[in-house]
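1. just coords:
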C-alpha cells in the first residue's frame, strides 16, 4: 500500500533509493518485524536501499519480508516481466538478498504474467504456464529455483490432486526438519524458503479456485498469512473482479480499506468514514495511470480503452534479471567462479580476519546459493593515524567499467581511486565520474566510480580516511564491474 502511495505521489513507478527510504520513514514506523524492522532501523541511521537489505548489516535478509511487499510492481507492468523486475529491484533489495530476493522476484513475475494467460485454457494449465514461465527468470543455482522445481515436480507426480499435504510434508522434510541433509539451512518460521514453498503449494493445488487456494495457503503453516494473501491477490488479478465475486454467491464483499491502524500519516480518501480511509476501487483508479505510463515508456500504445503492449523482449530471461546481471558483472564473484583468486590487502597492521569480508563478493552474490558460512560483520578499524589504502587484486585481467566501494564513515578529505594496469598502480583515466562527497549522516553507502570506457585491470584500490574525532572506518565491499 505504501509503495502504491509513493508511486502515485511521484507520478511514476520507478522509485529511487532516497524516495523509498523517505517513504518508509514517513509511513512505516510500527507493526513491522524481522528484516522490515532492521531495514527501518538502518534508515534511521541514514542508510538507504539496497544497503538496507545486505546481509552484512541486515541479518534477516533471508526472511520473507520482500515477498509480501513488492508484488504490486508486477501488476503495474502487465505482460512485461523484464520491466516488472526492473521496477521491483530496489524495493526488493530494501529488505532481501540472495534467494530471498529471487523468491520475491518470482512473485513479481507471477503478477506481471497473470494477465497473459491463454483464456481458453483450463485454469490448471494457466497456473502451470505462469509458474513455468516465471521460473525461466530465476538462476538454476538459486535455492528459490530448487524450491520451485521441487514443489512443481511433486505436484505433477502426485496421483491425488487433493493431497496437497503430501507435498507440504515433503517441503517440511527438505527445507525444515532435515534441511542440513540436503545442503540447506532452516532459519525459522518467518524465513523466505518454507513460506515460498507453501505459497507455491497453495497456488498449484488450488488450480485457479480462489477459495481452495486460500484455504490451502492458510492451513500450510509457518508464516502462512503472507503467501496466502499473495496468491489470493494473484488469482484476483488473473480472474478479474466479476469472476472473483462469483465465487462468493449471496455475499456482499466490502470495498472499504483501513490502513491507519498500521501505517502513519497516509492520505484519508474517506474523511467522512471513521473506520476506513480508502477503497479498493480508488486504489485501482490510482494504479491505472501508472500502468499506462509503464506501457507507453516501454514502447506500447493506447487505443481508446485498450492497452497495446510493446513487443516481447527476445533477450534470454536471465539477461532481464537485474540481480543476476549484478552478480554476472561483479569481478569479485566472477573471478572466483572461474577458478581464480581474489586477494585483499590493507595498509598498516590489520588482522587477517578483518579482511575477510572486504572482497568476498557477498554484497553482489545473487547466485542464490545457501550461504556456506556465517556472514562477516563489516571491517572496522580505528584510523586515527591517517588514511588507509585498501587493495583488491585478481590473478587475471578483467574488463571493468565501474569501481564500487560500499563503506561508511568515510571522510571527504581523502578518497583516491587507482587501478592495477600491466603491473603498475595508475590513477583512473580522465573523464571518470566520481560519487558525491561522502556524507557522514548517510551512514554506510554505495560509492560508484564510473570509468569513461572499459579498462583491462588486474586490481583496484582506494585510499580513504575515517571521519570524526574518534573515527572508525566501515567497509563492506570493494568490487569492480564490467558493466
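-> On my side now, so go ahead. Keep in mind that this is a model prediction, so the values were computed, not measured. Numbering: from 1, shown residues only.
2. can we go C-alpha only for contacts and neighbour counts from here?
-> Fine.
3. residues contacting residue 126?
-> Counting by C-alpha atoms under 8 Å, 6 or more residues apart in numbering, residue 126 touches 117, 118.
4. that one is in what secondary structure piece?
-> Assigning secondary structure by DSSP states H and E places residue 126 in helix 123-135.
5. for residue 18, same thing?
-> Element membership of residue 18, judged by DSSP H and E, is helix 17-27.
6. tell me the average confidence for the helix holding residue 126?
-> Average pLDDT, helix 123-135: 99.
7. returning to that earlier point: now the helix holding residue 18: how far from the chain's centre is it?
-> When distances are taken as C-alpha atoms, centre = their mean, to the nearest Å, helix 17-27 is centred 16 Å away from the chain's centroid.
8. contacts for that helix, please.
-> 2, 6, 40, 43-44, 48-50, 90-91, 263-266.
9. now, of those, which are buried?
-> The neighbour count (16 or more other C-alpha atoms under 10 Å) marks 2, 6, 40, 43, 44, 48, 49, 50, 90, 91, 263, 264 as buried among those.
10. after the helix holding residue 18, next one along is what?
-> Assignment by DSSP H and E places the next element after helix 17-27 at helix 34-44.
11. give me the helices and strands touching that following helix, please.
-> Under the contact criterion of 3 or more C-alpha pairs under 8 Å, 6 or more residues apart in numbering; DSSP states H and E, helix 34-44 touches helix 17-27.
12. what pLDDT, on average, does the helix it packs on get?
-> Averaging pLDDT along helix 17-27 yields 98.
13. quick check: angle from that helix to helix 34-44?
-> Computed by axes from the mean of the first three to the mean of the last three C-alpha atoms, to 10 degrees, the angle separating helix 17-27 from helix 34-44 equals 100 degrees.
14. may I see the buried residues of the helix holding residue 126?
-> Across helix 123-135, burial judged by 16+ other C-alpha under 10 Å covers 123, 125, 126, 127, 128, 129, 130, 131, 133, 134, 135.
15. pretty sure the last one sits against residue 145.
-> In other words, residue 135. Yes: contact status for residue 135 versus residue 145: in contact at 6.9 Å, counting by C-alpha atoms under 8 Å.
16. tell me where the model's unsure across the stretch 101-250 of the chain.
-> Along the stretch 101-250 of the chain, segments meeting pLDDT under 70 are nowhere present.
17. just the helices in it please.
-> Ranges of helices in the stretch 101-250 of the chain, per DSSP state H, counting those that start in this stretch, are 123-135, 143-157, 164-172, 192-206, 210-219, 224-239, 241-246.
18. most tightly packed of those?
-> Compared across these, helix 192-206 shows the largest average neighbour count, a mean of 26 (mean count of other C-alpha atoms under 10 Å).
19. which residues touch the closest residue to residue 405 other than its chain neighbours?
-> Of all residues not flanking residue 405 in the chain, residue 478 sits nearest, at 4.7 Å (C-alpha to C-alpha, 6 or more residues apart in numbering). Residue 478 sits next to 358, 359, 392, 403, 404, 405, 406 when contact means C-alpha under 8 Å, 6+ apart.
20. the same query, at a cut-off of 10 Å, please.
-> Residue 478 makes contacts with 331-332, 344, 357-361, 363, 390-392, 403-407, 446-447, 460-462, as judged by C-alpha atoms under 10 Å, 6 or more residues apart in numbering.
21. just the element for it, please.
-> Using DSSP H and E, residue 478 sits in strand 472-481.
22. what mean pLDDT does that strand get?
-> For strand 472-481, mean pLDDT is 90.
23. how about stretch 272-286?
-> For stretch 272-286, mean pLDDT is 97.
24. rewinding a little: I'd like the contacts of helix 17-27 as JSON lines, with secondary structure and pLDDT appended.
-> Below are the contacts of helix 17-27 laid out as JSON lines (DSSP: H, G, I helix; E, B strand; the rest coil; pLDDT from 0 to 100):
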{"residue": "2", "secondary structure": "helix", "pLDDT": "98"}
{"residue": "6", "secondary structure": "helix", "pLDDT": "99"}
{"residue": "40", "secondary structure": "helix", "pLDDT": "98"}
{"residue": "43", "secondary structure": "helix", "pLDDT": "97"}
{"residue": "44", "secondary structure": "helix", "pLDDT": "95"}
{"residue": "48", "secondary structure": "coil", "pLDDT": "96"}
{"residue": "49", "secondary structure": "coil", "pLDDT": "98"}
{"residue": "50", "secondary structure": "coil", "pLDDT": "98"}
{"residue": "90", "secondary structure": "helix", "pLDDT": "99"}
{"residue": "91", "secondary structure": "helix", "pLDDT": "99"}
{"residue": "263", "secondary structure": "coil", "pLDDT": "93"}
{"residue": "264", "secondary structure": "coil", "pLDDT": "89"}
{"residue": "265", "secondary structure": "coil", "pLDDT": "94"}
{"residue": "266", "secondary structure": "coil", "pLDDT": "96"}
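25. my read is that residue 183 contacts residue 372, right?
-> Yes: Residue 183 lies in contact with residue 372 (C-alpha atoms under 10 Å); the separation is 9.2 Å.
26. who's in contact with the spatially most central residue of the chain?
-> For the chain, the residue nearest the mean C-alpha position is residue 92 (2.8 Å; C-alpha atoms, centre = their mean). Contacts for residue 92 (C-alpha under 10 Å, 6+ apart) come out as 49-50, 53, 65-71, 73, 85, 100-105, 108.
27. at 6 Å instead, please
-> By C-alpha atoms under 6 Å, 6 or more residues apart in numbering, residue 92 lies in contact with residue 66.
28. who are the packing partners of whichever helix or strand residue 395 is part of?
-> Using DSSP H and E, residue 395 sits within strand 388-408. On a contact count with 3 or more C-alpha pairs under 6 Å, 6 or more residues apart in numbering; DSSP states H and E, strand 388-408 meets strand 342-346, strand 445-466, strand 472-481.
29. most packed of the ones you listed?
-> Highest mean neighbour count of the helices and strands packed on strand 388-408: strand 472-481, a mean of 24 (counted as mean count of other C-alpha under 10 Å).
30. follow-up on the earlier one: between residue 183 and residue 372, who's got more neighbours?
-> residue 183 (14 against 9; other C-alpha atoms under 10 Å).
31. nearest spatial neighbour of the more buried one, skipping sequence neighbours?
-> Spatially, and ignoring its direct neighbours in sequence, residue 183 is nearest to residue 370 (7.6 Å; C-alpha to C-alpha, 6+ apart).
32. assign the one you found to helix, strand or coil.
-> Put simply, residue 370 is coil when judged by DSSP: H, G, I helix; E, B strand; the rest coil.
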